[in-house]
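> This is the structure alone, sequence omitted:
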């Protein structure tokens, strides 16, 4: 991550899902004239899927691509800023609105209702197909499909594991505190533990040791499954961090863990050959 000298911090609730209000004063907003960002629409499965994208303004040649998978709160300001931060690093970053058919996360004021009435209705098959269309869109908008990665947070962390097993074009994935095990349903038939043997790309998992929703027992089970599958994957656990430790707009933010995780993510992408444009 860039130093704080290159970022502006501001408090306030603008642009965030009501279910996570109030936001914290540590909220990071990335700006700069070197970034081009905005909303777009991506054709997917007969629909037009809203998405946010960001890229460096000055770049020569196709850009390496990072698909950013949202939290349960949708593509709100934090996820948009993740895209801007990646653009600062030389990437074309795209965050699609993966709930757009089922509803709007901003219509919900509490997390349990959001999970029950919206998130649980979104099928993995639909999401993975939508992400394929995001990759295709990137290839038509200066994205280098030889250099594509995926990262996601919370709900998106789980999806990042699944997408690394789904799309052979993906060269690297980083899953931030994504659930590893859970109840299997028709819409969510498999979890990361089930697809360890199917991974096409190296995956870095970033987890909090104090995460009550993702117990260390499940992390240990995932490590065992990855070893058994001889998968190229690594799981890092930050002992002092809880869930959503990278969410700088929330009280859960743990700065030291978040900054270390960000640097590990960039190094993971580079090691896998998803290199940022050095002229960006």
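Good, I have the coordinates. Bear in mind the structure is a predicted one, so any value in this text is a computation, not a measurement.
> Contacts for stretch 124-134 next, please.
42-45, 49, 51, 67, 69, 94, 96, 98, 101, 150, 159, 162-163, 166-167, 187-190 (CB atoms under 8 Å, 6 or more residues apart in numbering). For glycine as for every other residue, the C-beta is placed from the backbone atoms N, C-alpha and C.
> Which ones among those lie within helices?
159, 162, 163, 166 (DSSP state H).
> what's the closest non-adjacent residue to residue 55?
residue 92 (4.6 Å; CB to CB, 6 or more residues apart in numbering).
> Mind pulling up the pLDDT for the residue nearest the centre of the chain?
Centroid check for the chain by CA atoms, centre = their mean gives residue 152 as the closest residue, at 1.7 Å. With respect to pLDDT, residue 152 scores 98.
> for it, helix, strand, or coil?
strand (DSSP: H, G, I helix; E, B strand; the rest coil).
> so how many other residues sit close to the closest residue to it other than its chain neighbours?
Excluding the flanking residues, the one nearest residue 152 by CB to CB, 6+ apart is residue 69, at 3.0 Å. By other CB atoms under 10 Å, the residues close to residue 69 number 30.
> Please, where are all the strands along the stretch 1-150 of the chain?
Taking DSSP state E, counting those that start in this stretch to define them, one finds strands in the stretch 1-150 of the chain at 8-9, 28-29, 35-44, 47-56, 63-69, 92-96, 143-153.
> can you redo those as JSON lines with distance to residue 273?
Output for those, formatted as JSON lines (distance: least, CB to CB, whole Å):
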{"stretch": "strand 8-9", "distance to residue 273": "33"}
{"stretch": "strand 28-29", "distance to residue 273": "28"}
{"stretch": "strand 35-44", "distance to residue 273": "24"}
{"stretch": "strand 47-56", "distance to residue 273": "19"}
{"stretch": "strand 63-69", "distance to residue 273": "9"}
{"stretch": "strand 92-96", "distance to residue 273": "16"}
{"stretch": "strand 143-153", "distance to residue 273": "7"}
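> Worst mean pLDDT among those?
strand 8-9 - the lowest mean pLDDT of the strands of the stretch 1-150 of the chain, at a mean of 34.
> what about the stretch 1-150 of the chain, any weak spots by pLDDT?
1-14, 22 (pLDDT under 70).
> make it 50
Scanning the stretch 1-150 of the chain with the threshold set as pLDDT under 50 gives 1-13.
> again, but for the stretch 151-280 of the chain
For the stretch 151-280 of the chain, the stretches with pLDDT under 50 are 279-280.
> Show me what the helix or strand hosting residue 269 is in contact with.
Following DSSP states H and E, the helix or strand that holds residue 269 is helix 255-271. For helix 255-271, the external contacting residues (CB under 8 Å, 6+ apart) are 1, 26, 64, 66, 85, 89, 149, 151, 172, 174, 176, 202, 204, 206, 208, 236, 238, 240-241, 245-246, 248, 275-276.
> which among those end up buried?
Using 16 or more other CB atoms under 10 Å as the burial test, the contacts of helix 255-271 include 1, 64, 66, 85, 89, 149, 151, 172, 174, 176, 202, 204, 206, 208, 238, 241, 245-246, 248, 276 as buried.
> gap between residue 58 and residue 34?
7 Å (CB to CB, to the nearest Å).
> out of those two, which sits in the busier spot?
Neighbour count, other CB under 10 Å: between residue 58 and residue 34, residue 34 has more, with 13 against 10.
> so that one makes contact with residue 56?
Yes. At 6.1 Å, residue 34 counts as touching residue 56 under the criterion of CB atoms under 8 Å.
> who touches residue 157 in this structure?
Counting by CB under 8 Å, 6+ apart, residue 157 makes contact with 69, 175, 176, 177, 178, 179, 205.
> what about it, distance to residue 65?
Distance, residue 157 to residue 65, using CB to CB: 19 Å.
> Equivalent analysis for residue 93, please.
In terms of CB to CB, residue 93 sits 8 Å off from residue 65.
> Now list whatever residues contact both of the two.
The overlap between the contact sets of residue 93 and residue 65 (CB under 8 Å, 6+ apart) is empty.
> Buried residues in stretch 101-109, which are they?
In stretch 101-109, counting by 16+ other CB under 10 Å, buried: 103, 105, 108.
> could you dump those residues to CSV with distance to residue 81?
What follows is those, written out as CSV (distance: CB to CB, whole Å):
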residue, distance to residue 81
103, 23
105, 17
108, 21
